[in-house]
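Asks: Any chance you could fold what I've pasted below:
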Amino acid sequence: MPWVPRRPNFWLFALLIWFGVLWILSSFDRPGIDRPSGDQFDKVEHFAYFFGGAILLTAYFFFKNPGAPTWRIIIPSVIVIMAGVGALDEFHQSFVPGRSGNDLFDWLADVAGGAAGAFTFKSIHRWFQ
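Replies: Here you go, the predicted structure:
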């Protein structure tokens, strides 16, 4: 696809913006969002957000060497990095008034979204060559 940026720094910059937005979103209480007790829709939000972040990170690694991507290194690296970012996000939220942090199931949704994003990009990477 000719419209897809092929420079790794583009993807790294997009990932840094993604991380910044995550930090900002996690820094505030979520006023006006009244969810019933036990509502787990936030797990879908976690999954989706980390899915997007993993796409950006996988694209960054891919475009560093698009001719011979080393998927055995890229995929686990993306999953570990997304797991680390998810853990940092949960820890950060534990210090924000009105937020609950260190939620194992939120973190698992982050990791699952990260893994799904990495494998999704791997399955479609040929579109970008």
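Asks: any low-confidence regions in the chain?
Replies: Applying pLDDT under 70 to the chain flags the ranges 1-3, 30-39, 129.
Asks: ranges for the helices of it?
Replies: 8-26, 41-64, 71-93, 104-124 (DSSP state H).
Asks: got those as a markdown table, with mean neighbour count columns?
Replies: Any C-beta I mention is one placed from the backbone N, CA and C, and that applies to glycine too. Converted to a markdown table, those look like this (neighbours: other Cβ atoms under 10 Å):
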| stretch | mean neighbour count |
| --- | --- |
| helix 8-26 | 15 |
| helix 41-64 | 20 |
| helix 71-93 | 17 |
| helix 104-124 | 19 |
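Asks: Could you give the separation of stretch 102-114 from the chain centroid?
Replies: Between the centre of stretch 102-114 and the centre of its chain there are 10 Å (Cα atoms, centre = their mean, to the nearest Å).
Asks: do stretch 79-95 as well
Replies: Taking Cα atoms, centre = their mean, one finds the center of stretch 79-95 at 10 Å from the center of the full chain.
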